[in-house]
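Colleague: need coordinates for the following:
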Amino acid sequence: MPVTRVVILWHQHQPFYKDLVSGEYRLPWVRLHALKDYYGMVKLLDEFPDVHQTFNLVPSLITQIQDYVAGTAQDPFLSVAAKATSDLTSAERRFGLRYLFQANPQNLIGRYPRYRELWERVQSAGDAPEKAERYFQAQDFTDLQVFSQIAWFDEFFLDEPEVARIIQKGRGFSRDEQNFVIQHQRELLAKVLPAHAAAAKRGGAEISTSPFYHPILPLVCDTNAGAISSPGLPLPNNRFRRPEDAREQLLRGLDLHEQVFGIRPVGVWPSEGSVSEEVLSIAQKLGVQWMATDEGVLGRSLGVGFARDGNGRLPANLAEKLYTIHRFQNGQTEMNMIFRDHTISDLVGFVYSGMPAQDAANHLLHNIKQAAQPLVDSGRDAMVPIILDGENAWEYYPQSGREFLRRFYDALQKEPGVEAVTVAEAIARHKNTASFSSLVPGSWIDANFNVWIGAPEDNRAWDYIYHARQFYEQKASTASEAQRALAHEELLIAEGSDWNWWYGPEHHSANDREFDELYRKHLSNVYQALGATPPDYLAQPIIGSATRLAVIPQTAYIHPHITGERIRYFEWMGAASFTTDNRAGAMHGKQFLLESIHAGINESNVYGRLDFIGKVPDGEFKLVVNLESWADDAPRPRRALRIDATVVGQKIQSWEVANSGEQEVLSSSANPKNEVTLALVRSFEFGLPLSWLLASPVSLSSSQAKNAAPVAKRLRLRFSLWQNGLPADALPPEGWIELQLLEEKDLEALRH
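Modeller: The predicted structure is shown next:
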């Protein structure tokens with residue numbers, strides 16, 4: 001009987017945050033993700049012995065974990081979290097109020113009531129640490145220091161008795177408890193690499209590697225590769241061409257893995273799935289037997305597009321091209337290759353977090369089987385590759401996605417005709433390979449390198465490293481061995497992909513400035529190591545101004561006409577709004593459809609407006625608005641409503657407003673009530689009575705009266721768009737937009 005082989009590769013990576021000269025780690029994400037994700041992801045396989053997977057650990061991530069385990073790594077985030085509250089300076093307190101809340105509000109902060117309480121206190125101060133500081137007493141800071149760390153503890157670690165006791169206590173932590181949480185981290189981090197080694201030893205996991213500092217190898221070999229993938233792409237002023245660096249980055253990755261895990265890797269996930277024929281040649285000569293990238297690279301190389309139908313399925317002829325082992329052969333270069341199913345991988349990364357765990361697991365297994373069905377029907381084995389980050393997605397899942405993974409793995413190992421194997425196992429067992437002889441260079445993002453080269457910021461960064469590399473060539477011969485070694489190491493670090501990830505228009509985060517500063521610091525260290533003064537331009541930011549997420553509270557009552565036309569902009573002035581530039585975040589590949597939302601109340605109604613990116617999407621989809629009214633300190637909302645609107649051909653086909661708790665339809669397109677209005681033209685708009693939410697505005701003075709009866713104090717709303725029964729996009733991406741149920745004079749007073 002034909003077999004469907006499921007190849008799952010988890011790519012685990014963090015940038016190199018350490019400044020080699022000062023020894024300081026500028027950002028804490030190696031430590032935090034090593035606490036939260038890396039151990040549990042591989043340890044989970046102990047429960048499913050028939051589920052084999054491939055784990056890709058970037059070498060520079062490994063060295064940073066080792067640094068933390070040895071106790072030689074320090075980052076300012078850890079220092080502030082570890083310091084006695086009484087010893088914190090005002091600057092450190094403000095630093096903590098700004099950065100110790102850098103976690104998912106829903107699934108990390110919101111999981112712990114005290115942490116959420118403190119987060120809301122900062123939010124109420126306009127997310128301004130200097131304003132929030134006055135509302136934080138010593139005990140508040142200690143509790144923040146503790147929960148900012150525990151929130152990142154792996155699910156397995158939360159079951160430890162002392163950790164569980166602290167969580168159960170909930171607040172009022174002592175200095176001893178704070179010290180325990182800080183000191184225990186080294187013990188937990190020390191479990192990460194041995195867990196991977198143990199899984200590899202028993203055969204449950206294959207460990208692959210990447211180039212040491214995660215460079216885009218085709219661009220390190222030759223920046224002109226960017227214009228091969230994207231003809232006409234603007235290139236840096238200076239052509240960077242260092243294939244010898246690419247070879248060293250790859251060789252050092254192979255060597256480190258053999259040293260740490262006792263097994264030399266046979267496979268490589270090249271940074272960001274970036275490949276070229278020159279890279280394959282270098283890898284083969286170093287003994288690499290397989291490499292992986294995205295289906296888009298295969299499609300461009302074969303001259304086909306992997307277009308799917310409305311259910312995400314490939315036609316039979318394309319399924320046969322994708323779901324197999326490929327053998328690249330050209331001259332002396334030969335390499336086994338697999339190409340990730342982009343659609344299925346992105347469902348795990350971006351969609352299933354918004355679904356019940358069992359539904360998501362069922363949907364994923366069904367998708368895999370349907371994808372492989374054309375090959376199975378013809379009597380051939382199929383190989384379906386699922387490749388994605390092993391850390392970033394899990395912040396968006398409850399409890400780090402463990403329930404979803406357990407249910408999926410359980411179904412996977414029980415499903416007849418399906419086996420979960422490592423890449424090496426798939427290559428060994430798969431008989432019908434496909435050969436090809438020409439590879440178009442590209443990455444797993446749009447099958448090109450445009451994220452890392454082409455934009456003015458990107459190209460400036462390449463020019464800067466070109467000049468630093470040239471300076472090294474000129475001065476290395478007269479420098480000492482120690483100077484040469486440090487300068488060369490800094491150059492290799494600066495070749496990493498992560499710096500240019502944040503340059504250009506594609507991605508933004510709260511740490512853009514830190515990444516920019518650290519990149520320029522690495523290049524400055526090259527000059528300083530060789531006894532020279534760095535060029536003045538390295539003191540100036542490369543990064544330009546970038547759009548950020550913007551949340552604006554309601555400042556005045558609104559009385560909009562519900563028409564769905566954006567031309568009535570002024571009718572929404574004073575409304576609360578949430579706007580995103582739709583490029584923010586570490587994960588690339590998410591499909592963004594929604595641009596902004598606006599919401600507000602008046603004396604009797606609540607209104608909402610959703611703006612799309614460009615035009616209203618084609619095809620059929622559903623718009624969902626969740627509305628809740630809340631009283632202070634209430635364990636559940638007073639009333640929860642849900643608006644569902646089915647859209648076909650850019651027009652509302654049907655709609656209903658229902659009481660979420662009682663499954664009662666209050667109004668619908670089949671039986672409309674005059675109090676409700678909905679419209680969709682260029683935007684989606686609605687209005688409905690506040691009374692349906694058991695809410696009405698109150699004055700600020702009466703709402704604060706000690707003996708006042710409990711009333712709804714705020715509304716919160718969330719908009720989402722669903723396609724094919726799956727959540728495709730939502731605003732806010734996590735959490736809600738909130739409205740204060742106040743009289744208009746009090747809303748205006750809050751503005752001042």
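Colleague: what is the least confident helix or strand in this protein?
Modeller: Using mean pLDDT, DSSP states H and E, helix 700-703 stands out as the lowest-scoring helix or strand of the chain, at a mean of 61.
Colleague: wait, doesn't Phe471 sit right on Leu530?
Modeller: Yes: in this structure, Phe471 is within contact of Leu530 by CB atoms under 8 Å, at 7.1 Å. No exception for glycine: its C-beta is placed from N, CA and C like everyone else's.
Colleague: give the buried residues for stretch 86-99.
Modeller: Within stretch 86-99, the residues that qualify as buried are 88, 92-99, counting by 16 or more other CB atoms under 10 Å.
Colleague: repeat for stretch 315-331
Modeller: Here stretch 315-331 shows 318-326, 328 as buried, counting by 16+ other CB under 10 Å.
Colleague: so which of these comes closest to Gln663?
Modeller: Proximity of these to Gln663 (CB to CB) peaks at Ala319, which lies at 40.4 Å.
Colleague: neighbours around the closest residue to the closest one other than its chain neighbours, how many?
Modeller: Closest residue in space to Ala319, ignoring its immediate chain neighbours: Pro374 at 4.3 Å, by CB to CB, 6 or more residues apart in numbering. Residues lying near Pro374 (other CB atoms under 10 Å) number 19.
Colleague: enumerate every residue touching Pro374.
Modeller: For Pro374, the contact set (CB atoms under 8 Å, 6 or more residues apart in numbering) comprises 314-316, 319-320.
Colleague: ok, how many other residues are close to His11?
Modeller: His11 has 23 neighbours, counted by other CB under 10 Å.
Colleague: shouldn't it be within a strand?
Modeller: Yes: when classified by DSSP: H, G, I helix; E, B strand; the rest coil, His11 is found to be part of a strand.
Colleague: give me the pLDDT value at the residue nearest to Ala319.
Modeller: At Pro374, the model reports a pLDDT of 96.
Colleague: let me know the distance separating it from Ser435.
Modeller: Note on Pro374: its distance to Ser435, by CB to CB, to the nearest Å, is 20 Å.
Colleague: so for Val665, what's the pLDDT?
Modeller: 93.
Colleague: quickly find the element holding it.
Modeller: Per DSSP states H and E: Val665 is located in strand 664-668.
Colleague: ok, residues contacting the helix or strand just after that strand?
Modeller: Toward the C-terminus, strand 664-668 is succeeded by strand 677-680 as the next helix or strand (DSSP H and E). Strand 677-680 is contacted by residues 562-564, 616, 623, 643, 645, 647, 650-652, 655, 684-688 when judged by CB under 8 Å, 6+ apart.
Colleague: and strand 677-680, average pLDDT?
Modeller: Strand 677-680 comes out at a mean pLDDT of 96.
Colleague: and that strand, which strands flank it?
Modeller: Here strand 677-680 is paired, per DSSP bridges, with strand 683-689 (antiparallel).
Colleague: what angle do the strand it pairs with and strand 664-668 make?
Modeller: If you take axes from the mean of the first three to the mean of the last three CA atoms, to 10 degrees, strand 683-689 sits at 120 degrees to strand 664-668.
Colleague: in strands, which of the contacts of strand 677-680 appear?
Modeller: Judged by DSSP state E, strands contain the following of these: 623, 643, 645, 647, 651-652, 655, 684-688.
Colleague: from those, which two are the most distant?
Modeller: Using CB to CB, the ones in strands among the contacts of strand 677-680 span at most 20.4 Å, a distance reached by Lys651 and Leu688.
Colleague: neighbour count winner among the two?
Modeller: Taking other CB under 10 Å, Lys651 and Leu688 do not tie; Leu688 has more neighbours (24 against 10).
Colleague: which residues touch that one?
Modeller: Counted by CB under 8 Å, 6+ apart, Leu688 has contacts 605-606, 641, 643, 657, 667, 675-677.
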